[in-house]
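# here are the coordinates; sequence isn't available:
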């Protein structure tokens, strides 16, 4: 069985918690373990925070989050149409940040990668960024 959802929201910092709760609610019928659910919520939180802080640094914009579950595979996509990333390869390195004057660790992508089975980042300067996350769920459909 395939289940999917799409939600759009403003790139406001308070919507990071909203995105976490949406993905948790979407997964609840599958009875995920606490650790598994926490990992997924953290990965979504990091992706959305990147959109808010880096995708739209000087203005509000729109973030689209989609999720699909097919059998035990969860596929989440977080998309912004913001400034994009100049050098994705560099941005994927731990501790890399473009916001040196702020308290940013540069660990967002590293955290997403650690809490998911696979992550891809597609970006084009001036057009935005798409972060895709894949996670095989241990209790899907149980």
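Arrived safely. This one's a predicted model, so the numbers in the text were calculated from it and none came from an experiment.

# Tell me where the longest helix sits in this protein.
In terms of residue count, the longest helix belonging to the chain (DSSP state H) is helix 34-50.

# So which other helices or strands are in contact with that one?
In terms of contacts (3 or more C-beta pairs under 8 Å, 6 or more residues apart in numbering; DSSP states H and E), helix 34-50 is packed against helix 15-27, strand 62-70, strand 73-80, helix 108-115, strand 128-136. All C-beta spots, glycine's among them, are computed from the backbone N, C-alpha and C.

# please redo it, this time with the cut-off set to 10 Å
If contacts are counted by 3 or more C-beta pairs under 10 Å, 6 or more residues apart in numbering; DSSP states H and E, helix 34-50 sits against helix 15-27, strand 62-70, strand 73-80, helix 108-115, strand 118-124, strand 128-136.

# out of the ones you listed, nearest to residue 44?
Ranking the helices and strands packed on helix 34-50 by proximity to residue 44 (C-beta to C-beta) places helix 15-27 first, at 4.9 Å.

# orientation of that closest one relative to strand 128-136 in degrees?
40 degrees (axes from the mean of the first three to the mean of the last three C-alpha atoms, to 10 degrees).

# Please enumerate residues in contact with helix 15-27?
With contact meaning C-beta atoms under 10 Å, 6 or more residues apart in numbering, helix 15-27 is reached by 3-5, 7, 9-10, 12, 32, 36-38, 40-49, 51-53, 63, 65, 67-69, 74, 76, 78, 135, 137, 139-140.

# go again using 7 Å as the cut-off
5, 7, 9, 37, 40-41, 44-45, 48-49, 52, 65, 67, 76 (C-beta atoms under 7 Å, 6 or more residues apart in numbering).

# Can you tell me which of those residues are classed as buried?
Using 16 or more other C-beta atoms under 10 Å as the burial test, the contacts of helix 15-27 include 9, 37, 40, 41, 44, 45, 48, 49, 52, 65, 67, 76 as buried.

# Spatially, and excluding backbone neighbours, which residue is closest to residue 47.
residue 78 (3.9 Å; C-beta to C-beta, 6 or more residues apart in numbering).

# In contact with the one you found: list those residues for me.
Residue 78 makes contact with 44, 47, 48, 51, 63, 65, 131 under the criterion C-beta under 7 Å, 6+ apart.
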